Structures are given as C-alpha cells and as structure tokens.
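A.B. asks: sequence first, predicted coordinates after that:
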Amino acid sequence: MDIQVQPKLIIHGGAGASLKGKGGLDAVRRSLHKIVEEVYALLLSGESAKEAVVKGCQLLEDEPRFNAGTGSVLQSDGQIRMSASLMDGACQSFSGVINVSRVKNPIDLALALQSSPDRVLSDYGAAELARELQVPSYNGLTELRLQEWIQERQDNFKRAMAGVIAEEELLETSSARRGTIGVVALDTQGKLAVGTSTGGKGFERIGRVSDSAMPAGNYATKFAAVSCTGIGEDIMDECLAPRIVVRVTDGMPLSEAMQRSFTEASENHRDFGAIAIDASGAIGWGKTCPTLLAAFHNGEEIGDTLEIPGGTKVGVF
C-alpha cells in the first residue's frame, strides 16, 4: 500500500512526580513502547487515526499500571468511576462518557457515541448505553488500588488524590498522582484523532467530573489534536487542549502554540501535561510537572519523555 502521509503517533500514561529508580523507569518505558509499536503498525497498515486512537486507549486502559480502565483509582466511597472521550478531527466530532462503572474500556462507549445525536452521557445514561450495546459487566479493581484506598481510609483521606502509577516502587508517593491516559494519531490520509481516558484523581467527592471527558482536556480539528493529563481543574481553568488547537488552527506553528500555552500555564501555577500532533506531522509535548509519561513514533523510531528534567518544558519532534 502506498503511504500518502507518514503516520505519526504519541501516547501518554499520565503525569506525576519523578520516576523512582531505574526499575520504575524501565517498567513504564516497556509498557509505553510496546503500545506505541502495536498502534503504529495499525497506522502503517492503513487504519484510520480514529481506529488507531481507540486501539491505543484500549491497550492503555487494559494496562493495570495506568489509571484508566483496569487499575483505575477508587473514589471516596470506594467505587470506580471512569470517564473517557474521543474526538475525530476530520469531522470535528466529540463524544464521551462521564463517571461510568463496570465496563472494561470506557473508550468503547465514547466510540459508540460518535454516531449518536446525544454524544456525551453521564453515569446512568452511560450505564444504559453499555446495556444497550451488551457490553459485559467488568470489575477493573486491582489489589494495589484496593490497598491504596484502605490505607487512605485509615488515614481519614488526608491525601487529595491517588497515585498515577499503580505500583508503589515506581513513583514517590508524596506527589505521585495526576493519572490519565491519552492517544493522538495522524493517519496515512492526513487525518487526526485524539482520545483520553481516566479513572479520576482518586478519593474525590462523588460526582466530580474530570477534564478527560471535556473538550478542555481532549480536542481536535483537522489542523491539530491534543490530549491532556494532570490536575483536571487546572486543565479546565486553562481550557488547555482547545487553546493549543485553536492557536494552530489560526496559523501558529505547533511549537509556538505549545510554548505560549505552557508559559501562560506556568505563570498561573498550573500542574499538568499535554501531547499533540498537527496536520504537518509535528509531534509536540509539554509539561509543568516533573514527569510526563509519554512515548511517540516519529515515523523513524520510538522515543519518550520519561527522562526529560523536571519543571516547565515543551518539545516538538
């Protein structure tokens, strides 16, 4: 098959504190690189950006290490409630589910809603959709997440949120948080898509809604696509994903759009990261936190941001 456009791909598994030790870094790198390799092969075979994004989100949701799908954090009442959204940049169509429970892959529900007149559903509506689609009931609870919640309950929920990585040795627990997964893809037809999924921040008030099922955290046009991770409230306050996308849509290079947006965010003391691709194939990332757990394929090789020094940083490949 003749490749009309060189596909590009970037994924993330959240943002957080510094990786603790080589074992943690290597484990996260192996997980991310394996998923990048599998999803990029789909893009090379001619799969659409939307299909590749859904597959990438499924793989990240199925990896217990990350806070989405299996391995999602528990809310204050001990329940798992997940949110996910999908946006097809080619037709500028956004869909998502908010605080859904008992499904393996929330991104599948977001995909199903792409063709619906009602494209964002919350808890009861999302549960009804899952029943209509005959999605099997699934318990994504892991022992590590259960023990994390039990320990926090014993401490009277003093921590504001749970760990981004579901292995204690991987991240320092004092500030190891801000867990989301996301995928941005450019396909051989030059079309962009983005998906974002999360289990929330953990221990939160029942009913809290994350940015992951909002355009603020997940947005795409035919010009650029962005997935965010970090403190959801900070992402919403900056309206981060559409801010970057609109700047690119208006003619600003992705590198400048990322730099300007993250400079503004740093001045406002925000805590988050983002990944992006534009229609030219430029791959971008940015962070105001110590570590962004992102990996990419630039058409020639796989790379990642795991060892980028802390502080506000922006890069374009």
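C.D. replies: Here it is on my side, so go on.

A.B. asks: for this structure, which helix is longest?
C.D. replies: helix 21-44 (DSSP state H).

A.B. asks: ranges for the strands of the stretch 151-300 of the chain?
C.D. replies: 181-186, 192-198, 218-220, 224-230, 272-278, 283-287, 291-297 (DSSP state E, counting those that start in this stretch).

A.B. asks: W149 is nearest to which of these?
C.D. replies: Proximity of these to W149 was assessed by CB to CB; the nearest stretch is strand 192-198, lying at 16.5 Å. C-betas here are computed from N, CA, C, even on glycine.

A.B. asks: roughly how far does E301 sit from G310?
C.D. replies: Shown here: E301 relative to G310, a distance of 25 Å by CB to CB, to the nearest Å.

A.B. asks: between those two, which has more neighbouring residues?
C.D. replies: Neighbours were counted for E301 and for G310 using other CB atoms under 10 Å; G310 has more, 12 against 7.

A.B. asks: before we move on, the earlier item: show me what the longest helix of the chain packs onto, helices and strands only.
C.D. replies: Contact partners of helix 21-44 among helices and strands, from 3 or more CB pairs under 8 Å, 6 or more residues apart in numbering; DSSP states H and E: strand 8-16, helix 49-62, strand 181-186, strand 291-297, strand 302-304.

A.B. asks: so which elements touch the helix or strand following the shortest one?
C.D. replies: Read that as strand 302-304. Past strand 302-304, heading to the C-terminal end, the next element that is a helix or strand (DSSP states H and E) is strand 313-316. Contacts defined by 3+ CB pairs under 8 Å, 6+ apart place strand 313-316 against helix 254-267, strand 283-287.

A.B. asks: I'd like those as TSV, with distance to V36 appended.
C.D. replies: Compiled in TSV, those are given as follows (distance: least, CB to CB, whole Å):
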stretch	distance to V36
helix 254-267	19
strand 283-287	11
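
A.B. asks: which of those sits most buried?
C.D. replies: strand 283-287 (a mean of 26; mean count of other CB atoms under 10 Å).

A.B. asks: now it: mean pLDDT?
C.D. replies: Strand 283-287 shows a mean pLDDT of 98 in the predicted model.

A.B. asks: so that strand versus strand 224-230, what angle?
C.D. replies: Note on geometry: by axes from the mean of the first three to the mean of the last three CA atoms, to 10 degrees, strand 283-287 and strand 224-230 are set 30 degrees apart in direction.

A.B. asks: what are the pairing partners of strand 283-287, and which direction each?
C.D. replies: strand 272-278 (antiparallel), strand 313-316 (antiparallel) (DSSP bridges).

A.B. asks: show me where pLDDT drops low in the stretch 1-150 of the chain?
C.D. replies: Within the stretch 1-150 of the chain, the set of residues satisfying pLDDT under 70 comprises 1-3, 18, 20-23.

A.B. asks: 90 - rerun?
C.D. replies: Confidence mapping of the stretch 1-150 of the chain against pLDDT under 90 gives the ranges 1-3, 16-25, 148.

A.B. asks: likewise for the stretch 151-300 of the chain?
C.D. replies: Along the stretch 151-300 of the chain, the parts satisfying pLDDT under 90 run over 152-179.

A.B. asks: thinking again about what came up before, out of the helices and strands packed on strand 313-316, which gets nearest to G315?
C.D. replies: Checking those against G315 by CB to CB gives strand 283-287 as the closest, at 5.5 Å.
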